[in-house]
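S.K.: Quick one: sequence and predicted model below, then my questions.
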Amino acid sequence: MSEANLIVKPEIVIESPHPQVALVNVPAMELGISLQNLYDLIQERKELRPEGSYTTYLFDSGLDKILKKVGEESAETIIAAKNAANEETRKLLAGEISDLLYHLLVLMVERKVGLADIQAELHQRAGKPAKK
């Protein structure tokens, strides 16, 4: 069949009786993708050790330095959470949580713990079977 003979059907739109219900939690999916991309970048930095990279500095400094940073960022997150009373301070809290997540990912890469390992553990704790 040539392109000239193709019949184009109009797009079918299905309206949900519950428009507030989404099939996919897009923000959660985007966060998962971002975390995986960051994990991959950290893993690459560990392997390649580019000069001038803070991630390289952490890996070159060793496990104790990585753990110290996780502890510091945890404490800073706690302080920011205690002070998160308005929009500006909630943004500061989001920044501290982001710093903590980054350093946790560095720790995960250092100890060869993947995001799938964390997902499996969280599924188990929720009483759900592990995804294959």
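M.R.: It's in.
S.K.: Could you report the distance from A81 to L92?
M.R.: 10 Å (C-beta to C-beta, to the nearest Å). All C-beta spots, glycine's among them, are computed from the backbone N, C-alpha and C.
S.K.: so what pLDDT did the residue most central in space within the chain get?
M.R.: Centroid-nearest residue in the chain: L35, 2.4 Å away (criterion: C-alpha atoms, centre = their mean). In this model, L35 is scored at 98, pLDDT.
S.K.: Could you report the neighbour count for S34?
M.R.: 11 (other C-beta atoms under 10 Å).
S.K.: again but with A116, I slipped
M.R.: So A116, with other C-beta under 10 Å, has 11 neighbours.
S.K.: same question, E121
M.R.: By other C-beta under 10 Å, neighbour count at E121 equals 12.
S.K.: quick one: it and Y39, what's the gap?
M.R.: According to C-beta to C-beta, E121 stands 16 Å off from Y39.
S.K.: how about low-confidence regions in the chain?
M.R.: 1-22, 130-132 (pLDDT under 70).
S.K.: can you pull out the helices in it?
M.R.: 26-48, 54-61, 63-82, 87-110, 115-125 (DSSP state H).
S.K.: can you pull the buried residues of the first one?
M.R.: Within helix 26-48, the residues that qualify as buried by neighbour count (16 or more other C-beta atoms under 10 Å) are L35, L38, Y39, I42, Q43, R45, K46.
S.K.: Contacts for it next, please.
M.R.: Residues outside helix 26-48 that contact it (C-beta atoms under 8 Å, 6 or more residues apart in numbering) are 53, 55-56, 59, 101-102, 105-106, 108-110, 114-115.
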